[in-house]
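Q: generate coordinates for the sequence data below:
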Amino acid sequence: MKFTSLAWKRGMLLLFSVTVFLLFTLRLDAHQLVFKAEHLEWIKEDGLLIGQGKVVLEYKDVRLEAERIKLDMKNFNLWAEGKVNLETKTRKVRGESLEYNLTSKEGKILSPEGVEGAIFYRADQAYLSPQLIKLSRASFTTCELTPPHYRIKARSVRIVPEDEVIAKDAVLYIGRYPLFWAPIIVRYLREENRIMIPSAGYSDFAGWYAKTGYYFYTSPRLRGTVHLDWRQKKGWAGGIDSSYKIAAGEGEIKSYFIREKDTGDERWRLKLTYKRSFSETTSLKLNLNRVSDEDFLEDYFPEEDGEIPPSFVSLDYRNGSYNANFLLEAEVNPFNFEESIQRLPQITLTFPAQKIKGTGLYLGRGMEAANFKKGKDELIRTDGFLEIFYPFTAFSCLQVEPKAGYHLFYYKDREGKDGCRRIPYQELSTFLQVNGGDKERYTYTLKPTLTYYHSTEEKDEFRLPFDLEDYEKKTEDIHPPNLIKLGVENKLYYKEKSLLTASLTLGYDLIEERKGFSSLEGRFHLTPPVSLLSYIDLYFLYDYPERRYTKLTGALDLKGKSWHLNIGIKKDVDEDIDDFILQGELSLGKKWKLSGYRCYDMLKDELSEERYFLWRDLHCWAAQLSYQRKPETEYSIKFYIKAFPEYWLKFYSETLPF
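A: Model (predicted):
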């Protein structure tokens, strides 16, 4: 009986111990730590807590599951083995073994498989920290399928959460097949970007073509792209685009070169931009745009509209009492030398309006000196103005500002001939602002204005050696001779949302020989709360003496659940533009989109532009088939990896007309 009683007691004690270990939970509320395990061991002298079996550790926002966990309670270092599963607020990763610190959230894990934002990755080893993940011999993708549609294998991958992914010695796989290798692939998560996959197409100018390139990244201060393109009719071409940041400033370099196999001509471009702030008051800007010939950009970079940007050096100085600018705008392309106007140099001084002490008067002034050069002809022009104005409020709501000033121009050509141009001028500006409406529904702001301009011009008998074009400073543009402008601005809101923004300006010329209305200018933007109608936009400039619209642009935007249509007009007499534009998009289910763009030139009575696009969603890929019929025939197909969520990735604007 004694033996039986003793055995029974020992059995009950063993059962109680096993039950306690199975259900044991250690809680240290001061450290927000929860430790659960099937078997627990506490080594007091070493401060080690060891759990085996199904072990769960929770600490603040960290949750860890493993078959065995050893935790050092002195410094919160831990070691975990067997089916490790680590989760934080922003990170999920599985692996075989883990070394980790709960306080710094830094550690090393073997054979990790994890998710970082939209990125799925696998690796031999990973170093984890809140600001960085380093992967060794890794592959990653944004496709959640198994196997994924695409993946990138790399010797090393560096992931900076919500900032960038850098893969070195990287190979892009489509399914099981490698597509191309790159020494480095960089994805900037906060910028519009995409992996450069070769695109192919056809155009009348190039024939069949293939364009590709690689991103390169040496540091956050130097990154760029190497281009390598092939055109059936023209041959191979290449170039480097890079942006850089140095202690002395930042800028961009673009280059492109081709030796055309059909003509034998060497054609190229070089673009350099640089800007630097020496202090809070002083800054420098440099632009250099050199091309081999005037048609190069139109032929090889049509997205830049074929216009060659100016080359210049600009030095600015700004402080509270005055602003100064020194500008050198030189023509660096020899084929443009005879036609372009250079400014060598131009110096501008502007002063903020200054109140004259003891009075309500304000003083305004400014001056400019420029040396213009066109071909072999040169012209020096200096000008300065001085004006006094007196703003005040009448009847507690009417703002009035009378102004009087004097503008003097001096000209001198290369042969020493000179002359002056004098413009005394006066202005009177008034406006009234009225707010009203029902605050719960409709509110409005009404602002009628009246401005009177008067000036007289006196000039010596002096003939300019060439037309200054945009630099001329015509009197009627800067100081109208005798003109009244009536205007009204209106803003209408519905429940604090903008419903209508409108303005009208009517000019009345008081000069006797052309007395009468001179122009009517209007702007309207309407966003009505009506289904299908997104907005109506209209701008016009009507010339009363000529009885015609010199400028007219407008758009009607309609949008449904599966379609989008935009109808527009554009007219500009000075630019010889009179176009009717139609563009639209149609969703053909969830996977397909069809869009088109047509521009009809009403002056030539012909269709000037016509393009169509067919887009297909391929899960984590997208494909776009393009057909352009005018101005020249061109076919192309492009594939895009839809690598990341839309909140930081956008399709490039050239993919659709919208």
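Q: tell me the pLDDT at residue 650?
A: What the model reports as pLDDT for residue 650 is 30.
Q: got it, and residue 546?
A: So residue 546 comes in at 89 (pLDDT).
Q: what about it, how many neighbours?
A: 10 (other C-beta atoms under 10 Å). To be clear about C-beta, it is placed using only N, CA and C from the backbone, and glycine gets the same treatment.
Q: would you say it is within a strand?
A: No - under DSSP: H, G, I helix; E, B strand; the rest coil, residue 546 falls outside any strand and is assigned coil.
Q: backbone dihedrals for it, please?
A: Dihedral angles of residue 546 (phi, psi; degrees, to the nearest 10) stand at phi -90, psi -10.
Q: repeat that for residue 331.
A: phi -90, psi 110.
Q: can you list contacts of stretch 413-422?
A: Applying C-beta atoms under 8 Å, 6 or more residues apart in numbering, the contact partners of stretch 413-422 are 377-380, 406-412, 457-462, 464-465.
Q: quick one: it to chain centroid distance?
A: In terms of C-alpha atoms, centre = their mean, to the nearest Å, the centre of stretch 413-422 is found 46 Å from the chain centre.
Q: and the end-to-end length of that stretch?
A: Stretch 413-422 has an end-to-end distance of 18 Å (C-alpha to C-alpha, to the nearest Å).
Q: which parts of that stretch are buried?
A: Going by neighbour count (16 or more other C-beta atoms under 10 Å), the buried part of stretch 413-422 is 413, 421.
Q: and if you look at stretch 202-211?
A: For stretch 202-211, by 16+ other C-beta under 10 Å, it's 202, 203, 206, 209, 211.
Q: now do the SS call for the last one.
A: This points to residue 211. strand.
Q: where's the nearest residue to it once chain neighbours are set aside, which helix or strand?
A: Take residue 211 and drop its neighbours on the chain: the residue closest to it by C-beta to C-beta, 6 or more residues apart in numbering is residue 229, 4.5 Å away. Secondary structure from DSSP states H and E places residue 229 in strand 222-231.
Q: let me know the pLDDT of residue 396.
A: Reported pLDDT for residue 396: 82.
Q: burial of it, as a residue count?
A: What residue 396 shows, counting by other C-beta under 10 Å, is a neighbour count of 5.
Q: what residues are up against it?
A: Contacts of residue 396 (C-beta under 8 Å, 6+ apart): none.
Q: and it, its phi and psi?
A: Per degrees, to the nearest 10, the backbone of residue 396 is at phi 60, psi 0.
Q: correct me if wrong: residue 365 contacts residue 388.
A: No - counting by C-beta atoms under 8 Å, residue 365 sits too far from residue 388 to count as a contact (9.8 Å).
Q: can you pull out the low-pLDDT segments for the stretch 1-150 of the chain?
A: 1-31 (pLDDT under 70).
Q: ranges for the helices of it?
A: 2-23 (DSSP state H, counting those that start in this stretch).
Q: try the chain
A: 2-23, 296-300, 475-478 (DSSP state H).
Q: how far does the strand holding residue 229 sit from its chain's centre?
A: 21 Å.
Q: also stretch 310-321?
A: 24 Å.
Q: kindly export it (C-alpha atoms) in PDB.
A: The C-alpha trace of stretch 310-321 is given here as PDB (Å, rounded to 0.1, in the frame of the first residue of the first chain):
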ATOM      1  CA  PRO A 310      18.300  77.800 -75.200                       C
ATOM      2  CA  SER A 311      21.800  77.600 -73.700                       C
ATOM      3  CA  PHE A 312      22.600  80.100 -70.900                       C
ATOM      4  CA  VAL A 313      24.300  80.900 -67.700                       C
ATOM      5  CA  SER A 314      22.300  82.700 -65.100                       C
ATOM      6  CA  LEU A 315      23.500  84.100 -61.700                       C
ATOM      7  CA  ASP A 316      20.900  85.400 -59.300                       C
ATOM      8  CA  TYR A 317      21.300  87.500 -56.100                       C
ATOM      9  CA  ARG A 318      18.300  88.100 -53.900                       C
ATOM     10  CA  ASN A 319      17.900  90.000 -50.600                       C
ATOM     11  CA  GLY A 320      15.300  92.100 -49.000                       C
ATOM     12  CA  SER A 321      16.300  95.400 -50.700                       C
END
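Q: that'll do, ta.
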